[in-house]
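[1] All I have is the shape, not the residue letters:
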């Protein structure tokens, strides 16, 4: 405040006064510049602190952490409660590493982070700082057996939900698509978006609020897939009526929740294995089906050529088995898939061709994997049932059974069935799924892992009728691998459940880059 009277007083002193004014202006600019720098430094510090807190919370919640804080506006309140935007802050992890040591039945994991915070004022001034911190988490050590028989993988991985596509989920119906689950986890996930179109007529003539009705969430990645799903070419109706329904999503961790009957953004795509990973699994499955004790069918297998069991007259395939060619099940025939062991690595039936099902396939706990396509008929069924000898409950049979295709095409699975059945895990690992049966009802999971349109799930019930998926969590678990003494070569210990949550230090070594 003293600058103004000094400047006025100096006007009477000619050249001396001009010099004093020049010095005073310089001081004022320096003060203003220092204020701008203080403000941008504060914004950069805010960015680092926000990302630090997000890392802390997410590590506690699910043992992962975000790498980036997007540019975020920062505001201050005036005395009249209005707000001014003073600038933006952002941050990113520029270095991270993990150091582990095992001690007394625990794995102690120490994470080291270097965060870069950036602040930009409303006038465009910029500050950048780097700061470090570390955090420690303790996890229980649990044993894991390592096998030496080069057999099928102990597990395969995939995202879970009722209908999950690496491409788009496209639904065409007048009467309804349903997913059901008592836990509300029968999600519909489309990495390239979700669409609904009527089988006949135009969208704006439909007012029914539950043509698509799921007991889970509509999940799509943010950006293009989210925008397209909300458009008239996605789930929306030009009339403004919502023809899709879902429950409200509760807030959890950093997730703010979502209103009922809404589409929820994913932070990135649902993760599917790449083709190389799938090929590695396929090689292991083929090895397991090629052992000396496996049944071999060098020219394919037709149901009419299978000799009935003496005990009950049933026909089927005993695992492990290798079918070099197609597996064909005739109309009216029922082929059973029988497990040989409680060890799923010995229950592989590998088909080097197509599976054509015009009758019934009953899986009692085997992995049926094929290199080409699966196609059934309207009167056909594929279903899972327990067996009195091996997996004696339906839950066990569902955990141990899988129907897997290796075909890279949009029609790796073509379901024409009108039936209802417990189907368990149906996974087109490199392709897509097409469904056109009328009023079919599956209990399990449908997954399409192909790329582009080869990863779509297209549901178009005949006559515009309905299709239902009851989400079955047991289909995703795989159950515990029961080991045989001759196949275990050693036991290793891996990190299990969290014993002590992630606890970070305060941030230290602040270094101002700009």
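    Right, received. Where do you want to start? This one's a predicted model, so the numbers in the text were calculated from it and none came from an experiment.
[2] So which residue is dead centre in the protein?
    With the centre of the chain defined as its mean C-alpha position, the nearest residue by CA atoms, centre = their mean is residue 270, 3.0 Å away.
[3] what's the pLDDT at that residue?
    Residue 270 carries a pLDDT value of 89.
[4] Need the nearest residue in space to it, chain neighbours excluded.
    Here the nearest residue to residue 270 in space, its sequence neighbours aside, is residue 159; by CB to CB, 6 or more residues apart in numbering that works out to 4.0 Å. All C-beta atoms are positioned from the backbone trio N, CA, C, and that covers glycine.
[5] who's in contact with that neighbour?
    Residue 159 is in contact with 189, 270, 271, 272, 447, counting by CB atoms under 8 Å, 6 or more residues apart in numbering.
[6] Mind checking which of those are in strands?
    Counting by DSSP state E, those place 189, 447 in strands.
[7] out of the contacts of residue 159, which one sits closest to residue 69?
    When the contacts of residue 159 are ranked by distance to residue 69 (CB to CB), residue 271 comes first, at 22.0 Å.
[8] burial measure for residue 330, as a count.
    By other CB atoms under 10 Å, 14 other residues sit near residue 330.
[9] so what pLDDT did the residue lying closest to it once chain neighbours are set aside get?
    Counting by CB to CB, 6+ apart, residue 303 is the residue found nearest to residue 330 once chain neighbours are left out, at 5.0 Å. What the model reports as pLDDT for residue 303 is 97.
[10] can you count the residues close to residue 303?
    Using other CB under 10 Å, residue 303 is surrounded by 23 other residues.
[11] how near is it to residue 374?
    With distances defined as CB to CB, to the nearest Å, the gap from residue 303 to residue 374 amounts to 15 Å.
[12] Now do the phi/psi pair for residue 498.
    Note on residue 498: backbone dihedrals following degrees, to the nearest 10 are phi -70, psi 130.
[13] Repeat that for residue 38.
    In terms of degrees, to the nearest 10, the main-chain angles of residue 38 are phi -60, psi -40.
[14] Tell me, how many residues neighbour it?
    Under the neighbour criterion other CB under 10 Å, residue 38 is assigned a count of 11.
[15] State the distance from it to residue 72.
    For residue 38, the distance to residue 72 (CB to CB) stands at 19 Å.
[16] pLDDT below threshold where in the stretch 151-300 of the chain?
    Per-residue confidence for the stretch 151-300 of the chain (pLDDT under 70) gives these ranges: 151-152, 154, 252-255.
[17] Quick one: the helices in it, in order.
    Listed in chain order, the helices found in the stretch 151-300 of the chain under DSSP state H, counting those that start in this stretch are 224-230, 275-289.
[18] Touching the last one from outside, list them.
    Outside of helix 275-289, the residues within contact range by CB under 8 Å, 6+ apart are 150-153, 156, 273, 319-322, 345-346, 348-350, 367, 369, 371, 406, 408, 429-430, 449, 451.
[19] Repeat that for the first one.
    Judged by CB under 8 Å, 6+ apart, the contacts made with helix 224-230 from elsewhere in the structure are 168, 190-195, 218, 220, 234-236, 263, 265.
[20] which of the residues in it are buried?
    Burial within helix 224-230, assessed by neighbour count using 16 or more other CB atoms under 10 Å, is assigned to 225, 226, 228, 229, 230.
[21] how about the helices in the stretch 351-500 of the chain?
    Taking DSSP H, counting those that start in this stretch as the criterion, the stretch 351-500 of the chain carries its helices at 394-400, 474-477.
[22] Now find how far off-centre the longest one is within its chain.
    Think helix 394-400. Using CA atoms, centre = their mean, to the nearest Å, we find the averaged C-alpha position of helix 394-400 to lie 23 Å away from the chain's own average C-alpha position.
[23] likewise the last one?
    The chain centre lies 15 Å from the centre of helix 474-477; the measure is CA atoms, centre = their mean.
[24] Contacts for it, please.
    For helix 474-477, contacts defined as CB under 8 Å, 6+ apart pick out 158, 160, 395, 398, 399, 424, 425, 444, 445.
[25] What is the most widely separated pair among those?
    Using CB to CB, the contacts of helix 474-477 span at most 19.4 Å, a distance reached by 158 and 395.
[26] Residue 51 belongs to a helix?
    Yes. Assignment of residue 51 by DSSP: H, G, I helix; E, B strand; the rest coil places it within a helix.
[27] In contact with it, which residues?
    Residues touching residue 51, when contacts are defined by CB under 8 Å, 6+ apart, comprise 66, 68, 69, 91, 92, 93, 115, 117.
[28] Okay, and which of the residues you listed map to strands?
    When the contacts of residue 51 are checked against strands using DSSP E, the ones located there are 68, 69, 91, 92, 93, 115, 117.
[29] May I ask which of these has the most neighbours?
    Counting neighbours by other CB under 10 Å, the top entry in those is residue 91, with 30 neighbours.
[30] isn't that residue right up against residue 47?
    Yes. Look at residue 91 against residue 47 with CB atoms under 8 Å: they come within range, at 3.9 Å.
[31] Need the residues touching each of these two.
    Common contacts of residue 91 and residue 47 (CB under 8 Å, 6+ apart): 69, 117, 118.
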